[in-house]
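K.L.:
Provided below are the primary sequence and the corresponding predicted coordinates.
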Amino acid sequence: METYFYHSLTPIQWLLIIGLVLTFLIDLIYSIFYLRKFKTKNKTYNHSETIPVSIILCAKNQAQYLEKNLPTLLTQDYPEYEIIVVDNGSVDDTEDVLIRLKNLYPTLRSTQIPIDEKFKHNKKLAITIGVKAAKYDQIIHLNPNGFTHNKAWLSNTVAKAQGKLYNAYSNLEYKKGFFYNFLRYDIIKQTIKLASFTSINKLYAGNSFNMSFLKSDFLANKGYAGNAHFEAGYDHILCLDLAQKSDYTFSTNPDSKITIDAKNYFKTWKTINKHYFKSRKYIPFKRKLLLDIEPIVHFLFIVLLILALIKTQLYFSLLALCIAKIFTKGYCFKISTRHLREENLFLSSYVYVLLRPLYKLLFYIQSHIYRKRS
């Protein structure tokens, strides 16, 4: 008597089943790989030595962010540091805000790039001016719309970043809303991937919201020489270049997290993804291949599953395979979010995982169109 498990299969049916099993196993390997990074307990980094630090922020018409967020950085429990704000041609109240804050906080310095209609420039010039103005070798780069609630944030950051190329976790602040939390979910997934690949010396991107490097390495690299004209890459391409000169690391410690202001959240998220996909052409081919295998395998699994449901009668076996995949992905994501203290996204992640490939494909196509126009 034939059953769903033991009835004879045609060659095409066998290919579908073998393909499903292989894609499931490859996806499982990636899940375990990501889990390795987050299966350790959080710890607060303590270091007996402290080094002076220069924190650089480049602002353009972001006076409201500077007024709200700068005090969280200017009141850190750290013995010696400075904050340099580069006013990148603002026409709002940025100058007034900086004058007011400098009267309150002596560690705050600023410089200004005047508006010049004949000379167009991007953020890379502002970062370069900030680095050259810095008094100290250890540079931390942040954005005006990022802040921290933790006064030990700088101590934790320096202890991990000291002398290295360093990136750390950042995400949008907590707020209710299905679409808003999908953006937070996406940033977490990007963090998991970047942190895991960095841990095996396969760095492929940076995080301008929470990044540190040495001034000496930046100058030895001649800043953004060779890609100064390119709109994106002030974090991704820079990290790829500097990774050839020094050790690098990624911190997923929530005490080192920078929180991104919820205002203009969609524009912020869109810019993060747009700049990453524009910079992808600079990632080494083998590294890019390792990055792309996972989403390709995930897509193939779905296609093969649909075909197997149509072409075979192994419904219980297919259901068991789907349950195993959902459980594995869910467990790994739960461990990661617990480590990052973002547990509130766990249940909704089962819906978000279906939406994420669609927008990734959209950004990928958009980046190719941009490349051809360039």
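P.N.:
Right, received. Where do you want to start? Not measured: the values here are computed from a predicted model. Residues are numbered from 1 along each chain as shown.

K.L.:
count of neighbours near Leu16?
P.N.:
24 (other CB atoms under 10 Å). C-beta coordinates here come from the backbone N, C-alpha and C atoms, glycine included.

K.L.:
tell me what the helix or strand hosting it is packed against?
P.N.:
Using DSSP states H and E, Leu16 falls within helix 11-38. If you count contacts as 3 or more CB pairs under 8 Å, 6 or more residues apart in numbering; DSSP states H and E, helix 11-38 packs onto helix 178-199, helix 285-311, helix 315-340.

K.L.:
those helices: which one's closest to Trp269?
P.N.:
helix 178-199 (4.4 Å; CB to CB).

K.L.:
need the CA coordinates for that closest one. CSV is fine.
P.N.:
What follows is helix 178-199, C-alpha atoms only, in CSV (Å, rounded to 0.1, in the frame of the first residue of the first chain):
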residue,chain,number,x,y,z
PHE,A,178,3.9,47.7,12.2
PHE,A,179,5.8,49.4,9.4
TYR,A,180,8.1,51.3,11.7
ASN,A,181,9.1,48.1,13.5
PHE,A,182,9.7,46.4,10.2
LEU,A,183,12.5,48.9,9.6
ARG,A,184,13.9,48.1,13.1
TYR,A,185,13.7,44.4,12.2
ASP,A,186,15.6,45.0,9.0
ILE,A,187,18.4,46.9,10.8
ILE,A,188,18.8,44.0,13.3
LYS,A,189,19.1,41.5,10.4
GLN,A,190,21.8,43.7,8.8
THR,A,191,23.6,43.9,12.2
ILE,A,192,23.5,40.1,12.7
LYS,A,193,25.0,39.6,9.3
LEU,A,194,27.7,42.3,9.5
ALA,A,195,28.7,41.3,13.1
SER,A,196,29.0,37.6,12.1
PHE,A,197,31.1,38.2,9.0
THR,A,198,33.3,40.7,10.8
SER,A,199,34.0,38.0,13.5
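
K.L.:
who are the packing partners of it?
P.N.:
Counting by 3+ CB pairs under 8 Å, 6+ apart, helix 178-199 packs on helix 11-38, strand 170-172, strand 248-251, helix 265-279, helix 285-311, helix 315-340, helix 349-373.

K.L.:
any chance of the ones you listed in a markdown table, plus distance to Val86?
P.N.:
Below are the helices and strands packed on helix 178-199 laid out as a markdown table (distance: least, CB to CB, whole Å):
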| stretch | distance to Val86 |
| --- | --- |
| helix 11-38 | 34 |
| strand 170-172 | 20 |
| strand 248-251 | 24 |
| helix 265-279 | 18 |
| helix 285-311 | 31 |
| helix 315-340 | 30 |
| helix 349-373 | 26 |
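
K.L.:
so which of the ones you listed is the most surrounded?
P.N.:
strand 170-172 (a mean of 21; mean count of other CB atoms under 10 Å).
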